[in-house]
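Trainee: Kindly generate the corresponding structure for this input.
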Amino acid sequence: MVNCSAKDIECLFVKKIEFKAEDKDQAMQFQKVVSICFKKGINAESKWSSKWRKIEKEEALKAEKERKAREEKDNTLRRSVVQTMAAE
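Mentor: Residues are numbered from 1 along each chain as shown. You can find the predicted model right below:
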């Protein structure tokens, strides 16, 4: 849903979807998501904030920090091996 443009969300909000009886539950869930997106202005063109976004950013920063620490450790080990080999 967040990949839909604001115009798409508005269209889906205004023109309710039609569905078969056996698809009612899924259709109603979809329509609820459309309503939330419309009311909160969530769409492909907007940056919206939520607890999930905050968690995603924190996790991405944590992963980046861990990656850099591993790279630094690897580089330190490489320098140590090179120095040991050069000393021999």
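Trainee: Give the buried residues for stretch 10-24.
Mentor: residue 12 (16 or more other Cβ atoms under 10 Å). All C-beta spots, glycine's among them, are computed from the backbone N, C-alpha and C.
Trainee: Do me a favour and get the end-to-end distance for that stretch?
Mentor: 21 Å (Cα to Cα, to the nearest Å).
Trainee: Check stretch 45-56 too.
Mentor: 19 Å.
Trainee: what mean pLDDT does that stretch have?
Mentor: For stretch 45-56, mean pLDDT rounds to 72.
Trainee: tell me the domain boundaries of the protein?
Mentor: 1-48, 49-88 (automatic domain parsing).
Trainee: Would you single out the least confident of those domains?
Mentor: Minimum mean pLDDT among these: domain 49-88, a mean of 86.
Trainee: what's the offset of that domain from the middle of its chain?
Mentor: 22 Å (Cα atoms, centre = their mean, to the nearest Å).
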